[in-house]
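**Q** Quick check, what structure comes out for this input:
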Amino acid sequence: MRERVERRLRAALLLALVAIAVASAVAVRNSFALREATSLVSHTYEVLGALASLRSALVDAETSTRGFAITGQEAYLEPYQKARGSIDPLMARLRDLTADNPEQQRRFQDLGPRVAEHMARRALLVDTVRARGAQAGQQLVLDQAGKPLMDELRLRLSEFESAELSLLQTRQAESEARDRNALLFGAILTVVVMAALGASFVLVRHYLAERERAEADGARFFSLSLDILVISSQDGHFKRLSPAVTSTLGWSVEEMLERPFLDFVHPDDVAATVAEVERQVVRGETVFNFENRYRHKDGSWRTLSWRSTPGRDGLMFATARDVTEQRRLEALRAEMDQRFRALFESLPGLYLVLLPDLTIVAVSDAYLTATLTERDRIIGRRLFEVFPDNPADPGASGVSNLKASLDRVIETRAADTMPIQKYDIAGPDGTFEERYWSPINSPVLGPDRRVEYLIHRVEDVTEFVRRNSARDKGDGAPDSALMERMEAEVYRSAEAAKAANLQLREANAEMEAFSYSVSHDLRAPLRHILGYVELLTRETEGKLSEKALRFLRIITQAGKEMSALIDDLLSFSRMARVGMEPSVVDLDALVRQVRAGLTDETQGRSVEWRVGPLPRVQGDPSMVRQVLVNLLHNALKYSRPRDPAIIEVRQSGEEEGQVIVTVNDNGVGFDSQYAHKLFGVFQRLHRADEFEGTGIGLANVRRIITRHGGRTWAEGALGQGASISFTLPRARESAAADASKAEDER
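**A** Here you go, the predicted structure:
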């Protein structure tokens, strides 16, 4: 019996020793295999990083040279110079990293010549602008000669990246399979003999180490965000904060975690912040675009824009973006606009600001007083419609002389001083009063050296002419010698007017540069945010929960909304500089074209279109098309809750030679007391979570119509739809046809 027990014990011991040896051997083999798999995964991440850097350098080179071509300013070439210096090292690194992969080497060989050709085209664009000027560069950009090449580069980079991602998935799957097999084998050996616990312990420790490394990688992604990433609870404390909080607010993460978050909120914003938290905790709602002020460690206040969504166990997940500088710039621009307008209107001289088509866009108070007019009655109208010749004076030449001078200014892009003009002014009762003026007309040039505005500055010399004429001749009619003396006497006033015009041109250029700079400078950080989110999404594919993926989608959507806002702001800024090419526009045909382009927005909806006969008008076709696109898009958007949606486009009348076109809808409408805000930049009467948009569309409509000499207005009521109207000059051929028809009827 004893011998049998001893034999079994020896057999058990031998079995245990064998099991330990086998387990040890398997553990060692799996350790080396896992290390090799980890190295391969890391290598694949390096390749993906090199591809992302190359893509970014190519995009920076393209956007930088386009900006230089448009503006002609060397400052825009800084990203291009950096990209040019980094592309060759990146290509060399990519070649070395994929040296062991024949398929990727083939893709690399195809990619190299196209990258070189792309950079050569960028260099050609830069050389062209430097040699021939911004206009030649702009033509190259408009020709889009490099677009097919850039599209092909993006395609090949995407193929390169897809192959690496596929390889990454394969290697990760192999690594995970080895890990699972090792754990299973250790568990079986643990059941067979207690001695195998040592091997299982080694494997468990190895697994835990891998898990800690994975969590560390996740923490690194958390720290990459330029925005503040927050996890907070309903007890009023932060549970986790990204390191961006320190660069934004100055406080360390530990300092922020120790105190309730309301301690950092501006006292005036506490109530609104508590209300937003209750919306999430009590009603489970997601918060979009909530702003409040947080105290910086230095005592100042920073404006944060929040997006937050509720989670389990009373937790809230949020992102906060520092918009302090953006709000400051918006306030500064509004203040500058107001100050420049107030400064211009209060100038002591008699000034008119005209578009090249002679539409009045601004007027000084002194000019209104001298010409017996009112600002609201002349802004947006044509110069000679407001100030015609005296029909009772057969020798009146004021209109023809002034038009000839303004045409010279547009042609030569130089100031033109006119002799003293007899140009009678109609009073409020319609009777004309004899007046004499000393005019100076000056251009305001845009970046492309085209005339954007005309400054018409005059001095009322009526009393001077009458006094000197009566003294010299006694009959009140000035002779030529007297006119020459009077012109000499007002010369010094003309010189002063030139100086004022120069100041006005400089102010206008400063405003345009400011608008472009604000919008352009916002693009770079936004592009980086979206790029890193895309990389994070790809590198964590299949590893994040649905909730985490939703957070990434929210960040991406917010970035796209910001990008749309910047694009609209730039479009609004450019609208004042784009030259007009007036021609006859068939509104009937144009409305049909615009409706055809809105099929995606009407799909799945019941929309009833009521388009009445529309006239032919005089205007720039592309600009008028933009007006109709904006108005019909708005009508579809705000009538979305209606079934059916009814949208009407019709001619609703005429005024002073212009046709009135109205777009009606049966949508949600608006409070009529806020109608004046509709056409302002960033002015919205509905929340962004109700109806999407940037608040610039109707501002562009007003700017376009004003440049055509028309006006815009809106009518509506809450829940009863809206009506937007605008005026445009009737086409000359149409007006002539109507006159001929009326004559035939008589």
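
**Q** What does the pLDDT read for Thr358?
**A** Residue 358: Leu, not Thr. At Leu358, the pLDDT value in this model is 93.

**Q** and what of the one 4 residues further on?
**A** In this prediction, Ala362 carries a pLDDT score of 89.

**Q** And the one 3 residues further on, by the same measure?
**A** The model reports Asp365 with a pLDDT of 90.

**Q** now it: how far from Val461?
**A** 19 Å (C-beta to C-beta, to the nearest Å). C-beta here means a position set from N, CA and C on the backbone, and glycine is covered the same way.

**Q** between the two, which one's more packed in?
**A** Taking other C-beta atoms under 10 Å, Asp365 and Val461 do not tie; Val461 has more neighbours (21 against 15).

**Q** The more buried one touches Lys422, doesn't it?
**A** No: the criterion here is C-beta atoms under 8 Å, and Val461 misses it with Lys422 at 10.5 Å.

**Q** Now do the shared contacts for those two.
**A** Shared contacts of Val461 and Lys422, defined by C-beta atoms under 8 Å, 6 or more residues apart in numbering, are found at Tyr436.

**Q** Just list the residues touching Gln104, thanks.
**A** Applying C-beta under 8 Å, 6+ apart, the residues near Gln104 are 47, 98, 160, 163-164.

**Q** May I ask you to confirm that it belongs to a helix?
**A** Yes: Gln104 forms part of a helix when assessed by DSSP: H, G, I helix; E, B strand; the rest coil.

**Q** Not counting sequence-adjacent ones, nearest residue to Gly250?
**A** In space, and not counting its chain neighbours, Gly250 is closest to Lys297: 3.1 Å by C-beta to C-beta, 6 or more residues apart in numbering.

**Q** That neighbour belongs to a helix, doesn't it?
**A** No: using three-state DSSP, the secondary structure at Lys297 is coil, not a helix.

**Q** As a check, name the ranges of all strands in the stretch 351-500 of the chain.
**A** 360-363, 416-417, 421-422, 425-426, 432-433, 436-445, 451-460 (DSSP state E, counting those that start in this stretch).

**Q** how about those strands in CSV, adding distance to Lys403 and mean neighbour count?
**A** Listed next are these as CSV, based on distance: least, C-beta to C-beta, whole Å; neighbours: other C-beta atoms under 10 Å:
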stretch, distance to Lys403, mean neighbour count
strand 360-363, 14, 20
strand 416-417, 12, 18
strand 421-422, 12, 18
strand 425-426, 17, 18
strand 432-433, 19, 14
strand 436-445, 10, 22
strand 451-460, 11, 22
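
**Q** Tell me where the stretch 101-250 of the chain has helices.
**A** Using DSSP state H, counting those that start in this stretch, the helices of the stretch 101-250 of the chain run over residues 102-132, 134-143, 147-192, 197-224, 244-249.

**Q** weakest of the ones you listed by average pLDDT?
**A** helix 197-224 (a mean of 55).

**Q** Can you report phi and psi for the residue nearest to Gly250?
**A** phi -60, psi -30 (degrees, to the nearest 10).

**Q** list the contacts for Ser39?
**A** Counted by C-beta under 8 Å, 6+ apart, Ser39 has zero contacts.

**Q** actually Glu434, not the one I wrote
**A** Per C-beta under 8 Å, 6+ apart, neighbours of Glu434: 422, 424, 462.

**Q** what's the pLDDT at it?
**A** For Glu434, the model assigns a pLDDT of 88.

**Q** Just give the closest residue to Leu354, not the sequence neighbours.
**A** Nearest one to Leu354, counting by C-beta to C-beta, 6+ apart, is Leu454 at 4.2 Å.

**Q** Does the one you found touch Thr359 like I think?
**A** No: counting by C-beta under 8 Å, Thr359 is not a contact partner of Leu454; they are 10.0 Å apart.

**Q** Count the residues that sit near Leu383.
**A** Number of residues near Leu383 (other C-beta under 10 Å) recorded here: 22.

**Q** Let me see the ranges of the helices in the stretch 551-700 of the chain.
**A** Ranges of helices within the stretch 551-700 of the chain are 587-596, 599-602, 621-638, 697-707, based on DSSP H, counting those that start in this stretch.
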